[in-house]
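Enquirer: Sharing a model that was predicted from the sequence below.
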Amino acid sequence: MKKIQALLLAGGSSTRVWPVENKLLVSFLGQPLILHSVNQLYRKGIRDIIVIINKNNENAFKQLEFPKGCTVKTIIQDKQPGMAGAITSAAPYWKGKKILIVGPSDIVEDYLLDEFAALYAKDPQAVLVGKHMEEYFPGGYLAERDGVITEIVEKPDPANLPSSLVNIVFDYWQDADSLLSAINEVRTGRDDRYEKAKEVLIKKGTVIKLLPYNGYWGYLKYPWHVLAISDFYLSGIKKRLGKVKIDKSAKIEGEVILEDGVTILENAKIAGPAFIGRNSLVGQNALIRQSHIGNNAVIGYSTEIVRSYIGHNCWFHHNFIGDSVVLDNNSLGSGAVIANYRLDGGMVKSEVNGNLLSTGRIKLGAVIGRNSRLGVNCSLMPGVKIGSNSFVGSGVCLDKDLPDQSFALLKNANYEVRKNRVVLTSKAMQKNLEALKY
Amino acid sequence: MKKIQALLLAGGSSTRVWPVENKLLVSFLGQPLILHSVNQLYRKGIRDIIVIINKNNENAFKQLEFPKGCTVKTIIQDKQPGMAGAITSAAPYWKGKKILIVGPSDIVEDYLLDEFAALYAKDPQAVLVGKHMEEYFPGGYLAERDGVITEIVEKPDPANLPSSLVNIVFDYWQDADSLLSAINEVRTGRDDRYEKAKEVLIKKGTVIKLLPYNGYWGYLKYPWHVLAISDFYLSGIKKRLGKVKIDKSAKIEGEVILEDGVTILENAKIAGPAFIGRNSLVGQNALIRQSHIGNNAVIGYSTEIVRSYIGHNCWFHHNFIGDSVVLDNNSLGSGAVIANYRLDGGMVKSEVNGNLLSTGRIKLGAVIGRNSRLGVNCSLMPGVKIGSNSFVGSGVCLDKDLPDQSFALLKNANYEVRKNRVVLTSKAMQKNLEALKY
Amino acid sequence: MKKIQALLLAGGSSTRVWPVENKLLVSFLGQPLILHSVNQLYRKGIRDIIVIINKNNENAFKQLEFPKGCTVKTIIQDKQPGMAGAITSAAPYWKGKKILIVGPSDIVEDYLLDEFAALYAKDPQAVLVGKHMEEYFPGGYLAERDGVITEIVEKPDPANLPSSLVNIVFDYWQDADSLLSAINEVRTGRDDRYEKAKEVLIKKGTVIKLLPYNGYWGYLKYPWHVLAISDFYLSGIKKRLGKVKIDKSAKIEGEVILEDGVTILENAKIAGPAFIGRNSLVGQNALIRQSHIGNNAVIGYSTEIVRSYIGHNCWFHHNFIGDSVVLDNNSLGSGAVIANYRLDGGMVKSEVNGNLLSTGRIKLGAVIGRNSRLGVNCSLMPGVKIGSNSFVGSGVCLDKDLPDQSFALLKNANYEVRKNRVVLTSKAMQKNLEALKY
């Protein structure tokens, strides 16, 4: 597939995924999502890659280390929005190439690329991937006949779906120039010019083959989707311990990766699947189950983390963190708890762009952006999100999203001071302390 | 004692014992209280038993499994209140039987039955049991001469007690029919017709023997009495481990019963006397001391339970539960704490029917009914009671009883949101996190 | 040095060190500070000691056991304030003695006494000790030429220091009578008559030798200084285990002293340097790092104590205590947390006599006086101080100092009660509990 130039769409941004800032830079198993995508393409023989970024994530992308032997260009998307903008930004670099457009936040299994390779060998004019979905998904649906796509319907009425096949962004075009022409033919100011261009091409007679796919499909539309992606990556790991220090009383159970420099202290337990990044410390009595922990984290004394994603440089002690996403550089004070289950056992809801959405999960904790601090004994309610650079004061019970750069703190003091009328004499004290002992 | 028909009084109900609903169905060592009573009678040779129930507990009683070889009838009490009503309800089933009236929430030791058997062998007309009490008890007192009861005084003036002998409901009548006649002679609309009937019989010349008893007497008048009863049952157990899974780092110390299906995870400790019911799980680092745990409970990670009674299907993690009664189907969020000791070390009080009573305990936590949920980081004050189907919100510090089907939640939010004026630069963050590490 | 009479200044009192009451009676490694001072003098050959006390600490001092073979007189300071008053109070006991004036809350290393002994052998007229300080210290500064002190400047302008040598109270006077005369010559009502007298003596030609000292200097000006002194004493200890009971799963690491009667339960860890006084108990899973614990303490289940000073008879469980001073007879309810780090990572401040001072520490928890009680799930903010005989109610987030004999409690209730509209049917409960299990 050396003639293919892959176009990775990394220039978009979405408020839906807040407080995740650069979703393609969220790190799994030691690599940001974008590198997982690049490496997957590289693994399957694609060596010519253009990554369309934007001005906001430019600096972060510059620091990535792409695989050796792979030509990766990063290009800032021009002012046109959407995928069409990404494609036209990359057009100057096409030179008779075949084009594969990839959405790197769509996580797919390697075998999709193998199946694509097999189809590619038959030199099709174009290929789109369709995943059979049991439930309605708010995306593009593909209608097909005999393996050829007849129509593409964006966000159809759920009551009247053209098929059960949802289009995953993994679009192959043999003739990039005719794709470009089709885009230019579409006269619309909206961000769906690429989608319209496909229709134009179908009408003009381009034969677009359907590549059906029934493997895992991960996407990062809402911030809690980080958990599903983390689960996917964890599901594939095998036990591997780097240069680590593990106290003999600690227990490592199941498929667990501990990267170099990890320290596991007394009586801690890691129950796989779990990943712990470089130089992280797991303190006394801590319990980590089915979770993903970044680098340089301190999972301090008596902390339980379950089914959660923890970024780099996080610091906890005496905490419970369940079904939560905690991005980089956060710390929780002692006794801070992230609740992951409603008292009524109902579906957890979360606010996105002003609308309260069902997250589809009955267990979901919080999502915390970067550089935030939680005070001691505070509580986060299920589905709450905290922005970056924000503080939650001690004792606060946070039941709503907290924006970036904000401070939630107890109203005035939560207490009053009176004269203490009880006088504890030495004798009373002694009796008192004796009573406490048992 | 095959000619005796035992009459178990299970039809009464009392608001004093709230939030305990059917006190005779509270389960100890795997059996509800009523079965302990039936089995005790069976063990000592009584095989003909009538249980007087009421419409509210009819369904629950139907599901009980009485011992094989024992004839147990359950009869719904007629409209007459009190013990007289129970007796007249059962009267149609008496056929020349001798009658033993038993209060199955009065827990006594087997040797009372042995002593009764010895006395019964002498064919007495009637027997009442008197327990010597050091302190005043609000019940019926027995005056006696030469082993024969001369007077029965209901709730006498504490300053003027006829004796120190309190009547425990374990009343034997050789001639059931004359008892019934005596009851029918009493003209009163109140619920003390049975008590008055005894006086009638004494006057008529019935010789009622006193059976003195100095063993354990448990009663369930107030809900915290569950703790004393639990202590009694625990005090008699011997170590017995069913088909269980115990991690090798866990510790089982003293007299502990673990029923089939129990799992004990890493570094947990059970210090006897303790009972843990079928299929319950004790999580990592948990500590259970001198407590009774029902079936299907999850005593999760880092939870301490001490001197407490826990019902079936309860679920905890990161909690402290001391000197408390937690009935079936309850869960506590992470960090929820039941305080069991006043700051001033004073006697714990609790409200019963609108009156604040001294519980006689300096260590007492909470009593929680069925099907309730406590949020994360909430606190219950000593002596507080929570009804069934109630929720306590996260962060709430509950200092009063919470009725059935109620929700205690923080007033509005307990916090306000400001702009966070602190900007944590990358460098500051790094320094910050370094500081946290030590 | 048998001709020297040491004068220990123990009669002063200061509100700055509140809630520490008698700072010289704070116990380190099993001995109050005053005894450390007396023993140090004794160790180096000084056997004639006068301790100047006051009426308030008279009773406490009477209970001290001074070293055998050491003549120790305790004298109540007369009405004159300051060091001059202490000196004149002791004057009647001088009989041609040489005088060494010692501030027993100034903790110094033994080698200062060795160096003093060497200088003393040369029979100097007077000696003052100067410690080189890198940063400004609000005390007396010494100017010197060729080892002889030329001037003493009390609290000089930081911008214009006469030298970097700060005077530590360890003042030797060969001729006590001329010191007394000089004090009497000073006409001032203020408490600096002793300091002025030194100037008089220099002017009169007394040659005061400088003894430079570069070792450890501990002082107890503010209550958090207890931590630095504790660190100093801990830094010198070697592992020593008395008659103790240590569960085989517990871990003792580094230099740790456990006095007789100490019990260490399952999976506890003590990481040195650490000192634990007589008959104290360390509960299951507790973690003690770099801390000093008094006698008869209960460091209960799942408690972490780090870099802290804990007095006698304290009782904790499920707590985090970091960088804190907890004096005698205090208890913390389950889940009470002492925060030791600001959310913004800034220097911790504390109020002293109405002024908010920087403590010079970015990690500092609380200082708690004697006989106080903290409720469950309460939180103390960094730098907060609590007086003696005070209570902090459950759930309170204490952000200001709490005076002696005070009660901080939640304003009214912090919650409201509504009807719970959720009805958890048996089936829903079961599903609910199943969900909780995973």
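Expert: That came in fine, so what should we check first? Just so you know, these numbers come straight off a predicted model, no measurement behind them. Numbering: from 1, shown residues only, chains lettered A, B, ... in the order given.
Enquirer: Thought A:Ser178 was touching A:Thr206, still the case?
Expert: Yes. Counting by CB atoms under 8 Å, A:Thr206 touches A:Ser178, with 7.3 Å between them. Quick note: C-beta positions are derived from backbone N, CA and C, even for glycine.
Enquirer: Now the residue in the stretch 1-150 of chain A that chain C sits nearest to: closest residue in space, sequence neighbours ignored.
Expert: At 17.5 Å from chain C, A:Pro19 is the closest residue in the stretch 1-150 of chain A, using CB to the nearest CB. Leaving aside its chain neighbours, A:Pro19 sits nearest to A:Gly369 (3.2 Å; criterion: CB to CB, 6 or more residues apart in numbering or on different chains).
Enquirer: Distance-wise, check that neighbour relative to A:Cys314.
Expert: Distance check for A:Gly369 against A:Cys314: by CB to CB, to the nearest Å, it reads 12 Å.
Enquirer: Flag every buried residue along stretch A:149-160.
Expert: Buried residues in stretch A:149-160, defined by neighbour count with 16 or more other CB atoms under 10 Å in any protein chain shown: A:Ile149, A:Ile152, A:Val153, A:Pro156.
Enquirer: what's the neighbour count on whichever residue of the stretch 101-250 of chain A sits closest to chain B?
Expert: Using CB to the nearest CB, A:Ser249 is the residue of the stretch 101-250 of chain A that sits closest to chain B, at 7.3 Å. Neighbours of A:Ser249 under the rule other CB atoms under 10 Å in any protein chain shown: 20.
Enquirer: A:Leu398 now?
Expert: A:Leu398, neighbours per other CB under 10 Å, totals 26.
Enquirer: try A:Asn319
Expert: Around A:Asn319 there are 28 residues (other CB under 10 Å).
Enquirer: Now do stretch A:130-139: distance from first to last residue.
Expert: One end of stretch A:130-139 sits 11 Å from the other (CA to CA, to the nearest Å).
Enquirer: same question but for stretch A:80-95, I mixed them up
Expert: Counting by CA to CA, you get 21 Å between the two ends of stretch A:80-95.
Enquirer: Give the buried residues for that stretch.
Expert: A:80-91, A:94.
Enquirer: what is the rounded mean pLDDT of that stretch?
Expert: Average pLDDT, stretch A:80-95: 85.
Enquirer: Need the contact partners of it.
Expert: For stretch A:80-95, contacts defined as CB atoms under 8 Å, 6 or more residues apart in numbering or on different chains pick out A:5, A:7, A:9, A:11-12, A:50, A:52, A:73, A:75-79, A:101, A:169, A:176-177, A:179-180, A:183, A:186, A:190-195, A:197.
Enquirer: Okay, and which of the residues you listed map to helices?
Expert: A:Ala176, A:Asp177, A:Leu179, A:Leu180, A:Ile183, A:Arg193, A:Tyr194, A:Glu195, A:Ala197 (DSSP state H).
Enquirer: any idea where the helices of chain A begin and end?
Expert: Along chain A, counting by DSSP H, helices occupy A:33-43, A:58-62, A:82-90, A:110-120, A:176-185, A:193-204, A:225-235, A:426-437.
Enquirer: And the fourth one, what does it pack against?
Expert: Counting contacts by 3 or more CB pairs under 8 Å, 6 or more residues apart in numbering or on different chains; DSSP states H and E, the secondary-structure elements packed against helix A:110-120 are helix A:33-43, strand A:126-132, strand A:165-173, strand A:208-213.
Enquirer: Now do stretch A:121-130, average pLDDT.
Expert: Stretch A:121-130 comes out with an average pLDDT of 96.
Enquirer: Just the endpoints, please. Distance across it?
Expert: First residue to last in stretch A:121-130 (CA to CA) measures 19 Å.
Enquirer: Relative to chain C, how far out is the residue at minimal distance from the centre of chain A?
Expert: Centroid-nearest residue in chain A, with CA atoms, centre = their mean: A:Val226, separated by 3.1 Å. Separation of A:Val226 from chain C (CB to the nearest CB, to the nearest Å) stands at 19 Å.
Enquirer: From one end of stretch A:15-22 to the other, what's the distance?
Expert: 11 Å.
Enquirer: picking up where we left off before, closest to C:Gly333 out of the helices of chain A?
Expert: Minimum separation from C:Gly333 across the helices of chain A (CB to CB) falls at helix A:426-437, 10.1 Å.
Enquirer: can you list the residues of the stretch 151-300 of chain A near chain B?
Expert: With the criterion set to CB under 8 Å from any CB of the partner chain, the stretch 151-300 of chain A comes near chain B through A:Ser249, A:Lys251, A:Asn267, A:Lys269, A:Leu281, A:Asn285, A:Leu287, A:Asn296, A:Val298.
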